[in-house]
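# structure for this input, please:
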Amino acid sequence: MNQASVSHAARILMERRLNGTQGDALPETHRPHDLDAAFAIQCGVSKWMDQAIVAWKCGMPAADKWIVAPIYANDVREANTQPCAVWARHGQVRIEPELAFILAHDLPARAAPYRPEEVDAAVAKTRLALELIDSRYTHAEQLNFYDHFADGLFNQGLLLGPVVDSKIACQTSQLAIKLTIAGHESIALEGQHPAGMPRLPLYWLAEFLRSKGLGLQAGQAVITGSYAGSPTVPVGADIQVQFGELNLIRTHFEGK
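Modelled structure (predicted):
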């Protein structure tokens, strides 16, 4: 893809993201067909957004997949403070229970690879989090990974919860998740981190961004995978998500 096509595709996705709208796949001449093109569009969205990247989502890669996407300043919320505004579809929103690793200092681009112990030393604290899920495509299920990668891998934001014990959290491969919606019986979910250990994708992210001449910054939050898929919850109801013995998040979603 040439730069004009990348920029045009990024602007389409940026406008949908800001307006909460959905649409068809990108025009064929602007649609990505490999990882490099999709990542270029994703980076182009960040340029058009003109907002600080305050968080990242990531996961372990595959031969044909890079699991990485930025999360922007206006899309990060604090739990237990006020209703959390979301782009809702049919009165509902999908959430993903995750851990968020908050960085104490930068992990900038450099020549030498990052060792896991260096990345560990950069983590200031660990918080509970809910990734907020949405797509900028009307028929997302009909599109391929490159389409979704360009669009930020279904992310519409992040809700940050309380700080938890980092030593325990970083070793927590299994975590019982209990979802309670006001007026309904609680739902118990046997949580399993998709990477096994929750910091493994963070180590990969630091190396991936370094290899692209990018980096991580102090204060950014990094989420590394859902313990319990993407359950759907209604807007307008009190929601509680219990993360085993670590702690819980209480929130109330409202549509934008």
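
# quick one: contacts for Glu131?
By Cβ atoms under 8 Å, 6 or more residues apart in numbering, the contact set of Glu131 is 57, 95-96, 98, 155, 157-159, 223, 226. In short, each C-beta sits where N, CA and C put it, glycine included.

# excluding sequence neighbours, find me the nearest residue to it.
Glu96 (4.1 Å; Cβ to Cβ, 6 or more residues apart in numbering).

# that neighbour: neighbour count?
Glu96 is flanked by 21 other residues according to other Cβ atoms under 10 Å.

# re earlier: got a ChimeraX select line for the buried ones in the contacts of Glu131?
In ChimeraX, a selection of the buried entries from these looks like this (16 or more other Cβ atoms under 10 Å):
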select :57,95,96,98,155,157,158,159,223,226
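
# so which residues of the chain form helices?
Ranges of helices in the chain, per DSSP state H, are 3-19, 35-49, 116-122, 145-150, 166-169, 200-211.

# any idea which of those gets closest to Gln242?
Nearest of the helices of the chain to Gln242, taken as Cβ to Cβ: helix 166-169 at 14.6 Å.

# got JSON lines for the helices of the chain, with mean neighbour count, distance to Ile239 and mean pLDDT too?
Putting the helices of the chain into JSON lines (neighbours: other Cβ atoms under 10 Å; distance: least, Cβ to Cβ, whole Å; pLDDT from 0 to 100) gives the following:
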{"stretch": "helix 3-19", "mean neighbour count": "18", "distance to Ile239": "23", "mean pLDDT": "97"}
{"stretch": "helix 35-49", "mean neighbour count": "19", "distance to Ile239": "28", "mean pLDDT": "97"}
{"stretch": "helix 116-122", "mean neighbour count": "15", "distance to Ile239": "31", "mean pLDDT": "97"}
{"stretch": "helix 145-150", "mean neighbour count": "21", "distance to Ile239": "25", "mean pLDDT": "98"}
{"stretch": "helix 166-169", "mean neighbour count": "15", "distance to Ile239": "21", "mean pLDDT": "94"}
{"stretch": "helix 200-211", "mean neighbour count": "20", "distance to Ile239": "26", "mean pLDDT": "97"}
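
# these two touch, right, the residue nearest to Glu131 and Ser230?
Yes. At 5.3 Å, Glu96 counts as touching Ser230 under the criterion of Cβ atoms under 8 Å.

# I'd like to know how far the residue most central in space within the chain sits from Leu26.
For the chain, the residue sitting closest to the mean C-alpha position, by Cα atoms, centre = their mean, is Lys57 at 3.6 Å. Separation of Lys57 from Leu26 (Cβ to Cβ, to the nearest Å) stands at 21 Å.

# again with Asp106
Distance check for Asp106 against Leu26: by Cβ to Cβ, it reads 33 Å.

# which one's more surrounded, these two?
Between Asp106 and Leu26, counted using other Cβ under 10 Å, Leu26 has the larger neighbour count: 23 against 13.

# who's in contact with the more buried one?
Leu26 sits next to 9, 12-13, 32, 147, 150 when contact means Cβ under 8 Å, 6+ apart.

# at 7 Å what do you get?
9, 12 (Cβ atoms under 7 Å, 6 or more residues apart in numbering).

# sweet, I'm off.
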